[in-house]
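[1] Below are the sequence and a predicted model; questions follow.
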Amino acid sequence: QVQLVESGGGLVQAGDSLRLSCAASGRSSSSYAMGWFRQAPGKEREFVSAIIPTTGRTYYADSVKGRFAISTDNAKTTLYLQMNSLKPEDTAVYYCAAHNGGSIYSASSYNYWGQGTQVTVSS
């Protein structure tokens, strides 16, 4: 079992920055990758970013590339998402997830999810 708890969301203005955190406990070290997804009202959950903790390799959606940065702490028990130059279209509930095999970019490849944290960007 893996438990994931996100924090750090909030209401910001366009151009501002936020850093999301995801505290992982349980057997998170057995996951090949950790990822961030987001879901806006009326839309499907979409991939944002992922990292393979053992190698540091990172993956980003085109919509956030160059603005967002994913990282982990040295103990690899906390996942971060640094979000800069936020836009209104970044407004969504952000979820962290533990990968269970398959495509890094697909939500169906992740079997553990946090409860989500709301990010709202006003124009």
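    Cool, got the structure.
[2] drop to CA atoms for contacts and neighbour counts, all remaining ones
    Will do.
[3] Name the nearest residue to the residue nearest to the spatial centre of the chain, sequence neighbours excluded.
    Geometric centre of the chain, nearest residue: residue 36, 2.1 Å, by CA atoms, centre = their mean. Nearest-residue entry for residue 36: residue 96, 4.5 Å, with adjacent residues in sequence omitted and distances by CA to CA, 6 or more residues apart in numbering.
[4] so where do the helices sit in the protein?
    Applying DSSP state H to the chain gives no helices.
[5] The residue nearest to the centre of the chain and residue 123, how far apart?
    For residue 36, the distance to residue 123 equals 23 Å [CA to CA, to the nearest Å].
[6] ditto for residue 41
    Applying CA to CA to residue 41 and residue 123 gives a distance of 17 Å.
[7] Check which residues of stretch 12-22 are buried.
    For stretch 12-22, burial by neighbour count (16 or more other CA atoms under 10 Å) applies to 12, 14, 17, 18, 19, 20, 21, 22.
[8] tell me the contacts of the last one?
    Right, residue 22. Neighbour list for residue 22: 4, 5, 6, 7, 78, 79, 80, 96, 114 [criterion: CA atoms under 8 Å, 6 or more residues apart in numbering].
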